Each structure stands twice: as structure tokens, then as C-alpha cells.
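[1] model the structure of this input:
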Amino acid sequence: MRRSCRVFGVAVGLTLIAAALSPIAPVEAACLGAVKKCGRDALIAIDVRAKGTPRAHPGGQVTYVLDYSMTRTPSFAPYWGSYWVGGRFPRGARGPARAVLFDETGRRLAAFPCRGHSDGVWCDTGGRIPDRGRIVLTARLARGATAAAVAVARVGFDSFDGLTEQEFARHLNRQKSREKFCNYRFTRTVTTAVDS
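    Reported below is the predicted structural model:
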């Protein structure tokens, strides 16, 4: 009996070692590459109010306006954040190609380039944006949009916080940031009625 238990234990041990050394399945790899879970609230919370063009024709332009304000959690240790603005735009829409930043007085401060990612169109702010301001993004609806439809967008901020000054200066891309830092998304839904 003892010998059979020992043989069984060795077999189980070898099976576990083989499983540990085997390549990761694609589904498991996708999970491992997902957003880092931090188990805490954001150190830099972003309140976003979003509005868009209320009505547009198929192929028409829709402008999204994001008024935002950031609240930083008090801390003895300094920390930084990096931010992307954008989100998921209506199906088939083109753009936005850039996001324009304005301060509270309406003065234009900067424009950020945008590009498509697997989770939407995001514009890299470079991290240096004021704690309050306005972002304006413009997209063009698909020409084939059906009449009396509703074009839905989910727009706002994708942020990473808890960076040190050196990490902030390195300006990592979104993929590296998602692996390394705490990721938080602050978005709002905006609807546009599509007329014929």
C-alpha cells in the first residue's frame, strides 16, 4: 500500500512539473497580458462630463466635448499619472485623428495624435495635462448609417497611476503601461441621433 501511494505521489509530481514546463495556451497568455489588477481605488480620480452633437446625418461629423477634473489622493509620497483620451466611437466612424486640449478659460493648449487600438481609438496626452480642462474630439459617422438610428460612443480617459518620476519620464506605451501600472478608465456614454 505504501509503495502504491509513493508511486502515485511521484506520478502526480511529474504531471505537475510537466504542466509547469509546458507552453502557455493562447487563451491563458491573453489573460496574463491583461490589465494589472491593483485592488485599490485610483490615486488620481477623473470626473468626466461628456456631450456630443445631438443629431447628425449619415457621413456627418460628430463633435465630442469632455469637461474633466482630476482629484489626487493625498499622499506623503509623490506619484504621477499618464493619460489617454478617446474611447469607443460609433461603429464604422472615421477618426478622431487628434484630440484638442483647452484650459478652463477656453484657451487652446495642445493637440494630441490619436490611433486605433484593440479597445478603441485613444489619443496620447503625454501625461502633462492640467487637473481641469476640456478635450474636444471629432469623428465622422459611417455613410451607410441607417436612418433613425442612434450612434453610441463611450468616451473619456484611460489612465495609469502610481508612477515614479523616472517611470513618468520614460513615457511607456499603453501596452507596457497596462502590464506595469494600475489602470483605471473613466468614460461616459454619448448618443447621437442619425437622421436620413
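[2] show me what the longest strand seen in the chain is packed against.
    Under DSSP state E, the strand in the chain containing the largest number of residues is strand 149-163. With contacts taken as 3 or more C-beta pairs under 8 Å, 6 or more residues apart in numbering; DSSP states H and E, strand 149-163 sits against strand 44-52, strand 61-72, strand 80-88, helix 174-180, strand 182-194. No exception for glycine: its C-beta is placed from N, CA and C like everyone else's.
[3] now with 6 Å?
    strand 44-52, strand 80-88, strand 182-194 (3 or more C-beta pairs under 6 Å, 6 or more residues apart in numbering; DSSP states H and E).
[4] please put the alpha-carbon coordinates of the second one into CSV.
    So that's strand 80-88. What follows is strand 80-88, C-alpha atoms only, in CSV (Å, rounded to 0.1, in the frame of the first residue of the first chain):
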residue,chain,number,x,y,z
TRP,A,80,2.5,60.6,-11.3
GLY,A,81,-0.1,59.5,-13.9
SER,A,82,-0.2,59.0,-17.6
TYR,A,83,-3.4,59.5,-19.6
TRP,A,84,-5.0,58.7,-22.9
VAL,A,85,-8.3,60.2,-24.1
GLY,A,86,-10.8,58.8,-26.5
GLY,A,87,-12.7,55.5,-26.3
ARG,A,88,-15.1,53.5,-28.5
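[5] still on that earlier bit, any chance of the helices and strands packed on strand 149-163 in JSON lines, plus mean pLDDT and mean neighbour count?
    JSON lines is the format used below for the helices and strands packed on strand 149-163 (pLDDT from 0 to 100; neighbours: other C-beta atoms under 10 Å):
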{"stretch": "strand 44-52", "mean pLDDT": "96", "mean neighbour count": "17"}
{"stretch": "strand 80-88", "mean pLDDT": "93", "mean neighbour count": "24"}
{"stretch": "strand 182-194", "mean pLDDT": "94", "mean neighbour count": "18"}
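[6] how about those strands, which one is nearest K176?
    Nearest of these to K176, taken as C-beta to C-beta: strand 80-88 at 10.5 Å.
[7] tell me how many other residues surround L101.
    Neighbour count of L101, defined by other C-beta atoms under 10 Å: 21.
[8] picking that back up, what residues of the longest strand of the chain count as buried?
    Applying a neighbour-count criterion of 16 or more other C-beta atoms under 10 Å, one finds 149, 151, 153-163 buried in strand 149-163.
[9] sorry, back to before: now the helices and strands packed on strand 149-163 as JSON lines including distance to I135?
    Shown next, in JSON lines, are the helices and strands packed on strand 149-163 (distance: least, C-beta to C-beta, whole Å):
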{"stretch": "strand 44-52", "distance to I135": "9"}
{"stretch": "strand 80-88", "distance to I135": "5"}
{"stretch": "strand 182-194", "distance to I135": "12"}
